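A.B. asks: whatever this is, show me its structure:
(chains A, B and C)
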Amino acid sequence: MIAANVSRDLARAISAVENRISDLPVALAQLAANGHHAAVGHADVIGVTGPPGAGKSTLVDRLIEGLRTAGESVAVIAVDPSSPFTQGAVLGDRVRMQRHSGDRGVFIRSMASREGGGGLAPATRDAVRLAEAAGFDVVIVETVGVGQVELEVVAVADLILVVTVPALGDSVQTIKAGLTEIADIFVVNMADRPGANRTALDLRQMVREGQRDIPVLQTIAQDGTGLPALLDAIAARRHGDDSNAVRAVRFEVVRRARDRAVMAALAQLDSADGAGVLDRLRARDITRNDAIDALVALSEGPVHAY
Amino acid sequence: MQTTETPIADQQREWEQLTLLPFTERRPEAREAFRTQGGAVLERIYTPAHVADVDYARDLGFPGQYPYTRGPYPTMYRAQPWTMRQIAGFGTADDTNARFRYLIAQGQTGISTDFDMPTLMGYDSDDVRSEGEVGREGVAIDSVDDMLDLYAGIDLEQISVSMTINPSAFILFAMYLVVAEERGFDRKKLSGTIQNDIIKEYVAQKEWVYPPRPAMRIVRDTITYSARNLPRYNPVNVSGYHTREAGSTAIQEVAFTLAAGIAYVEEVVKAGIDVDEFAPRLSFFFVSQIDFLEEVAKFRAARRVWARVMKERFGAKKPESMRLRFHCQTAGVSCTAREPLNNIARTAIEALAAVCGGAQSLHTNGYDEALSIPSEPAMKIALRTQQIIADEVGVVGTIDPLGGSYALERLTADIEKACFDYFAEIDKRGGVIACIEDNFFQLELADAAYDLHRRKDAGERQVVGVTKYRDNSANPHVELHHVDEAAAERQLERLRKTRASRDGEAVRRALDELVRVAKSDENIMPATIAAVKARATGGEIINALRPVFGTYVEKPVF
Amino acid sequence: MPIKVLVAKPGLDGHDRGAKIVARALRDAGMEVVYTGLHQTPEMIVNAAVQEDVDVVGVSILSGAHMTIFPKVMQLLAEQGVDDICVVGGGVIQEDDIPKLKALGVREVFNAEASTQDLIDGIERIVAEYGRDRTRRAAVQTSAP
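C.D. replies: Residues are numbered from 1 along each chain as shown, chains lettered A, B, ... in the order given. Modelled structure (predicted):
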């Protein structure tokens, strides 16, 4: 059960890690000192992501309702992008969930993505762990699917809902490749709009082609249609076999490796040695093929020809 | 208007070279560009060349005739002035009734009612959400017993009554009909209006209870019921005032309002009613803002656009279906808290624009508009302002007095074109309700409001006495309306009495029947009237229907 | 560390143009703004302020009910033991009531004619003067290296 002063203690703990006043172990220790020390790993973390305008916040509001009815306590971390120009942010996800704000079994915290570039805030994972320590049974992380960085939600969540809306025309294209790799459940929200069935069909086709067992559900979060089925699907995945974890984790590991390799290659290209190679290329002292081999060798050592 | 373009344009160029340029070299103009309050750029001078595309017969015509640009009636104010309709509402029904009688005694010709926030939002006075708000910003009306007192001593067959009420409009409308019946007035002679424009709530005023689609159904039912039973009543006052107050441009005010009108017409036509059966009784409500020329142009453009829409889009045959009539209120947002007496001047100019623009009904703000709900002295001066225009200024002697002004006709035509551009965009996006669900209007409004705010901050728009000519001595004191804090308690007592003296079982049955009707396809008005007659309260009715229709939370845009 | 502000719309009044313009302006000044949405009760506002752990709560009221709302908000904050969140007000608030609000602990009231810059400067000043001591809050700072 959630203790009386949890809101304040948890809120301050999250601020401490978000503002780099304390690191996670310290913040956890502070929470424990205040009487909140639920076991690590006991909470289920659900990521909710997808393109802007898909109705994620409304859906999360309904999920809170359903989970509370089932007797579970829920913490929500809602991440919104910081302005790249001013570093400020308007965080409006809370509006859709405010009706729960008097419920002691619900905790809602908005976070600006800050240096996270639009997807997650660097402190989001810590915030999730703190919410878990405070005793919440379920932690929902809501993030906007813009750019590539929303994929970081894989590292934070145990189960990922990818929420989209019916699109006219070629719908599956609008869902970025990465999201389809990490999804555990697809939700086509605003299912009363034209194109809903088509979109669901396209997603199911894609799922079949990838030989995965991922449900594609339709909801109208606005009035709650489809929520019971969604809550059942979530429950099944929480308590059942985590068949998608392997694929999601593989994907994320590869993605990070790729990112690291890209950063390394760029660094070599910009280095003094790299510049030297490019100068020789410009002066026609070496062929393109040799230039490539030389530059690759700089970052990785010699490569074999195919 | 039909002059050959080239010679005048040449003359203008010559003038610019020979007369203008030397002058501006000695004394340049004060600004790079002069813009209207709504954001349009004004030409230095307008000539016939600027209105070569305007055709008198096609675009202006004569008053009382398609396309109604010059006025909806052939005689306009030469027959009788517009209805002087100052809004009133505070405390309990008795308090407001006294103000109505005062205003009528001072020469007001129509009644306009302002309700408190709980009544507007469908909460009874004893609801926890109503605390601190009962009788504060308007009159508290919980049941038909209150409304009997509100309109006591008023001949409803002679005086038209307007009620500014939206999500709970169907309930207050039902109460009004029961009051008329219990007082022996003939329904067929009742004239007046309920604002009942739920679309603009989602966009601008933000008074809502249910989501857009069920709310549209309720509005549709009130329109069809009214069309069939009350030949002189206007069941909707499609409004632009609130959109403009929320920061929109003049073009957006007209375009979004008329788009809402289109949506209502489509909704009722879809239910199988012929457009000419109800369209004549749709009315509109615009603001009159401080930019004189733009406002007069706006009113004329609205008439022309609506006439064209009704004829071409809906195939209306009756002239009355194509003729836009509107109530007008001077702009609250243009009134300042500093040096409030300056607002008398602002209001007078805005009122004059409304008259030159052909309004059918007008509320002029009190000088205390930015400070509080109107006091009696402020309302008296505001009413006198209208009377001075009607009796002293002379513009009532000729119809559409500014028609033919090159500047005015250009602005009118530009606003018209912009409206049709917006309609095309709205249609492309799937219609008005789809646009609300996608936040299209709200985004346009947010951007316009922010742009206006930036222009003010940058000094492009000045406010006399506030940003310019600021006298930093203490603000002159004005007597404000005194809020009677005991009114809330009196209202709670009234509510208790109503609940105690009614047949609780009959109320329950009536509410059950209303819920049944709401779930069906039947018109909800008869069941609402029955519930109201049994003394069900507004809050009880709204609550009974919440499980059927749902609730609404907006997705805010900034 | 950005200043975090809760912009709140209490009561039944739906005039949110000012609140939304303020939210946008504060974002443009580099602050993080949480918007509550309309129709908030004092409880909802205070719960949000606590969970979001904001520096400032800005309450926007145009309905005249400020002498009911502000006392409730201040009382609820006190009941939750919150002494480091600053409360400011804006909208349509009579001059005569401003001293009464300040006596309750409301730090500043910005009337409708205040410019955007006044607001930003005001909030920064209030946070600097009355806001939380951000270093003191976390009693145990860093874990051992």
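A.B. asks: tell me if B:Ile159 really is in a helix.
C.D. replies: No. B:Ile159 is assigned coil when assessed by DSSP: H, G, I helix; E, B strand; the rest coil, not a helix.
A.B. asks: identify the residue nearest A:Gly50 in space, chain neighbours excluded?
C.D. replies: Distances taken as Cβ to Cβ, 6 or more residues apart in numbering or on different chains place A:Val163 nearest to A:Gly50, at 3.7 Å, with adjacent residues excluded. Heads up, the C-betas are built off the backbone N, CA and C, glycines and all.
A.B. asks: A strand includes C:Val88, no?
C.D. replies: Yes. Assessed with three-state DSSP, C:Val88 lies in a strand.
A.B. asks: for residue 26, grab the count of nearby residues.
C.D. replies: All of this refers to chain A. Here the count is done by other Cβ atoms under 10 Å in any protein chain shown, and A:Val26 has 20 residues near it.
A.B. asks: wait, chain C
C.D. replies: Neighbours around C:Leu26, by other Cβ under 10 Å: 27.
A.B. asks: please parse chain A into its domains.
C.D. replies: A:38-239, A:250-300 (automatic domain parsing).
A.B. asks: run the chain-centre distance for the lengthiest helix in chain A.
C.D. replies: Longest helix in chain A by number of residues, with DSSP state H as the criterion: helix A:243-270. Offset of helix A:243-270 from its chain centre (Cα atoms, centre = their mean, to the nearest Å): 16 Å.
A.B. asks: just after that helix, pick out the following helix or strand.
C.D. replies: helix A:272-282 (DSSP states H and E).
A.B. asks: what residues of that following helix count as buried?
C.D. replies: A:Gly274, A:Val277, A:Leu278, A:Leu281 (16 or more other Cβ atoms under 10 Å in any protein chain shown).
A.B. asks: export the domains of chain A to TSV and append columns for mean pLDDT.
C.D. replies: Output for these, formatted as TSV (pLDDT from 0 to 100):
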stretch	mean pLDDT
domain A:38-239	87
domain A:250-300	87
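A.B. asks: re the thing from before, dump the buried residues of helix A:272-282 to TSV, plus distance to A:Ala127.
C.D. replies: Shown next, in TSV, are the buried residues of helix A:272-282 (distance: Cβ to Cβ, whole Å):
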residue	distance to A:Ala127
A:Gly274	40
A:Val277	45
A:Leu278	44
A:Leu281	48
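A.B. asks: which one of those residues is nearest B:Asp146?
C.D. replies: For the buried residues of helix A:272-282, the minimum distance to B:Asp146 (Cβ to Cβ) is 82.9 Å, reached by A:Gly274.
A.B. asks: near chain C, which residues of chain A show up?
C.D. replies: By the rule Cβ under 8 Å from any Cβ of the partner chain, the part of chain A lying against chain C is A:7-8, A:10-12, A:14-16, A:19, A:21-23, A:25-27, A:29-30, A:82-83, A:86-92, A:94-96, A:98, A:101-102, A:107-110, A:112.
A.B. asks: so what does A:Ala294 look like in phi/psi?
C.D. replies: phi -60, psi -40 (degrees, to the nearest 10).
A.B. asks: gap between it and A:Asp270?
C.D. replies: 15 Å (Cβ to Cβ, to the nearest Å).
A.B. asks: next structured bit after the helix or strand hosting B:Leu21?
C.D. replies: Using DSSP H and E, B:Leu21 sits within helix B:21-26. Per DSSP H and E, helix B:21-26 leads on to strand B:34-35 as the next helix or strand towards the C-terminus.
A.B. asks: mind listing the strands that next one pairs with, and their directions?
C.D. replies: strand B:41-42 (antiparallel) (DSSP bridges).
A.B. asks: what pairs with the following helix or strand past the partner strand, parallel or antiparallel?
C.D. replies: For strand B:41-42, the following helix or strand on the C-terminal side (DSSP H and E) is strand B:83-84. Next to strand B:83-84 in the sheet, as set by DSSP bridges, lie strand B:361-363 (parallel).
A.B. asks: got the buried residues for the partner strand?
C.D. replies: So, applying 16+ other Cβ under 10 Å, buried residues of strand B:361-363: B:Ser361, B:Leu362, B:His363.
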